[in-house]
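>>> Quick one: sequence and predicted model below, then my questions.
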Amino acid sequence: MVDQAALVVPSRLIVLAGPTAVGKGTVAACVREYHPEIWISVSVTTRKPRPGEVDGYHYHFIDDDAFDELIASDGLLEWAVVHKAARYGTPRSAVEKALAAGKSALLEIDLQGARQVRRRMPGAFLCFLAPPSFEELVRRLIGRGTEDSAERERRLETAREEMRAESEFDVTIVNTDVRIACEELVDLFSSGSSRL
Ligand code: 5GP
């Protein structure tokens, strides 16, 4: 008789998504700091850098023409217009290279992107990062203070929609404490997945 447990192979590609301001970036930064063995994708974006953001580290900041070229050459594993404001995408070759090198890979992207990765790489494991409550999410969104009120309203609208998508994901991690959420996420690479 085949032992089903023996067929469980942990995924080496995890997609971290969730509503805006839930703390995906902070959790990913925590993984970067404490788990350098995990490779984290650097996205391309047409958004302008915020103060302190470094090109090639936080994002590859590119213009619309360069983004169009990446789409045309199938250079992106997924891409999306986020908050109706700018385009973001995951460079495909970098992900493939990391996986081919046997690394565990993490993508921190939005929901639309997570859905595309699921279609293109069915073996990826999708993790939903949830806030302790919607009220707490709103507090975090406004507390960050980096967006004007029109932008905040756009992001809230996106967040409401994104919260409804939780059931599409393989697992939910509640981001009450960043360090704990980070360790729960890292644990998924070895234990939480039955996908290839
Ligand atoms: P921010 O502009 O605050 O850095 O990011 C805005 C949103 O874009 C976040 O929800 C983030 O997860 C998402 N994002 C960042 N990189 C990518 C990407 O490569 N693809 C997609 N689809 N979303 C991304």
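Received it, and whenever you're ready, just let me know what you need.

>>> can you give me how far stretch 67-80 is from the chain middle?
Remark: stretch 67-80 is offset 17 Å from the chain centroid, using Cα atoms, centre = their mean, to the nearest Å.

>>> now check it, is it near the ligand?
Yes - using Cβ under 6 Å from any ligand atom, stretch 67-80 reaches the ligand at 78, 80. Where C-beta positions appear, they are placed from N, C-alpha and C, glycine not excepted.

>>> do you know how far the closest residue to the ligand within the chain is from L76?
Closest contact between the chain and the ligand, by Cβ to the nearest ligand atom, is at G113 (2.5 Å). Counting by Cβ to Cβ, to the nearest Å, the separation of G113 from L76 is 9 Å.

>>> Between those two, which contacts overlap?
Common neighbours of G113 and L76, using Cβ atoms under 8 Å, 6 or more residues apart in numbering, are 89-90.

>>> element containing the residue of the chain closest to the ligand?
Assessed by DSSP states H and E, G113 sits inside helix 111-120.

>>> I'd like to know how far P51 sits from S41.
23 Å.

>>> Can you list the buried residues in stretch 47-59?
Residues 58-59 are the ones in stretch 47-59 that count as buried (16 or more other Cβ atoms under 10 Å).

>>> Could you confirm whether that stretch reaches the ligand?
Yes - using Cβ under 6 Å from any ligand atom, stretch 47-59 reaches the ligand at R47.

>>> cool, and stretch 151-160?
No - residues of stretch 151-160 are not located near the ligand by Cβ under 6 Å from any ligand atom, the shortest gap being 8.2 Å.

>>> Contacts only, for the closest residue to R12 other than its chain neighbours.
Among residues not flanking R12 along the chain, S104 sits closest, at 4.9 Å (Cβ to Cβ, 6 or more residues apart in numbering). Residues counted as contacts of S104 (Cβ under 8 Å, 6+ apart) are 12, 14, 37-39, 189.

>>> ok, now with 7 Å
12, 37-39, 189 (Cβ atoms under 7 Å, 6 or more residues apart in numbering).

>>> same question, C182
With contact set as Cβ under 7 Å, 6+ apart, C182 has these partners: 27, 30-31, 34.

>>> give me that answer again for 6 Å
By Cβ atoms under 6 Å, 6 or more residues apart in numbering, C182 lies in contact with 27, 30-31.

>>> returning to that earlier point: next SSE downstream of the helix holding G113?
Next helix or strand after helix 111-120 toward the C-terminus (DSSP H and E): strand 125-130.

>>> Residue ranges in the protein under the pLDDT threshold?
1-11, 144-145, 192-196 (pLDDT under 70).
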